[in-house]
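*Asks:* my questions concern the predicted model and sequence given below.
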Amino acid sequence: MQTDDDLKTQYTLDLDSDEQGFDQIYVNHYPALFQYAFTLVNDDVMAEEMVHQVFLKILEKNEPLMIRISLKSYLFRAVHNECLNYFKHQKVKHEHVKYADRHTGENSEPASGKLQLRELEQQLHAAINELPEQCRKIFQMSRFEELKYAEIAFQLGISIKTVENQISKALKRLRRQLAEYLPLIILFFLISITFKR
């Protein structure tokens, strides 16, 4: 296994050919990356999500990754960028909430909204149930039981890379299947935030 000192020059990370190597990279770097993300976002759930997103994006490249700095530096930079993107997204969301505050009248139809939200939830559960068995189980353990990827891998006796791959596959399929509901999801999200204030 190469150390970070060995990786100061160009390094090729080929995850498809080295599952154990990926797991080792994840285990070795996750704690420090999580701590770094936490110092930026000040939220342990979001810090974990930032690190997971970095590893998911690496896996989704489906080709060897050329790294011209140390692997450690690359991962820290990727987490930093992921956190910056999160802050930009939060700013946009905040602007939408302010807009909704100004334009949501008192005569909104909460009963109609609840009905549409229930339909949306049914579609989401149906889409989750259509996932392949292992994919569905891993997705539910991650999103509903809030287990970390390493915990899921340990419980199911699989690699962390497999967990990452299955989560990525689940998210892609759900995005595809629920694409027509995306405007409704955003609208309900904004309205629910407004009414909770």
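*Replies:* In hand now; what should we look at?
*Asks:* and the gap between Leu174 and Lys61?
*Replies:* 21 Å (C-beta to C-beta, to the nearest Å). No exception for glycine: its C-beta is placed from N, CA and C like everyone else's.
*Asks:* those two: who's more crowded?
*Replies:* Leu174 (16 against 11; other C-beta atoms under 10 Å).
*Asks:* spatially nearest residue to that one (excluding sequence neighbours)?
*Replies:* Spatial nearest neighbour of Leu174, excluding adjacent residues (C-beta to C-beta, 6 or more residues apart in numbering): Ala127 at 5.4 Å.
*Asks:* would you mind giving both backbone torsions of that neighbour?
*Replies:* phi -60, psi -40 (degrees, to the nearest 10).
*Asks:* in this structure it contacts Ala179, no?
*Replies:* No. With contact defined as C-beta atoms under 8 Å, Ala127 does not reach Ala179; the gap is 10.7 Å.
*Asks:* of those two, who's got more company?
*Replies:* Ala127 (17 against 9).
*Asks:* which residues touch that one?
*Replies:* Going by C-beta atoms under 8 Å, 6 or more residues apart in numbering, Ala127 touches 173-174, 177-178.
*Asks:* the same query, at a cut-off of 6 Å, please.
*Replies:* Neighbouring residues of Ala127 by C-beta atoms under 6 Å, 6 or more residues apart in numbering: 174, 177-178.
*Asks:* among the residues you listed, name the ones in helices.
*Replies:* 174, 177 (DSSP state H).
*Asks:* can you put the contacts of Ala127 in TSV and add distance to Glu95 and pLDDT?
*Replies:* Shown next, in TSV, are the contacts of Ala127 (distance: C-beta to C-beta, whole Å; pLDDT from 0 to 100):
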residue	distance to Glu95	pLDDT
Leu174	26	79
Gln177	29	79
Leu178	24	74
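*Asks:* what segments of this protein are strands?
*Replies:* Remark: strands assigned in the chain by DSSP state E are 11-13, 65-67.
*Asks:* check which helices and strands the last one is in contact with.
*Replies:* Counting contacts by 3 or more C-beta pairs under 6 Å, 6 or more residues apart in numbering; DSSP states H and E, strand 65-67 is packed against strand 11-13.
*Asks:* so Glu164 sits against Lys57, correct?
*Replies:* No. Using C-beta atoms under 6 Å, Glu164 makes no contact with Lys57, being 10.0 Å away.
*Asks:* list the contacts of the nearest residue to Phe139 once chain neighbours are set aside.
*Replies:* Using C-beta to C-beta, 6+ apart and skipping residues adjacent in sequence, the residue nearest Phe139 is Ala170, 4.0 Å away. With contact taken as C-beta under 6 Å, 6+ apart, Ala170 is in contact with 131, 135, 139.
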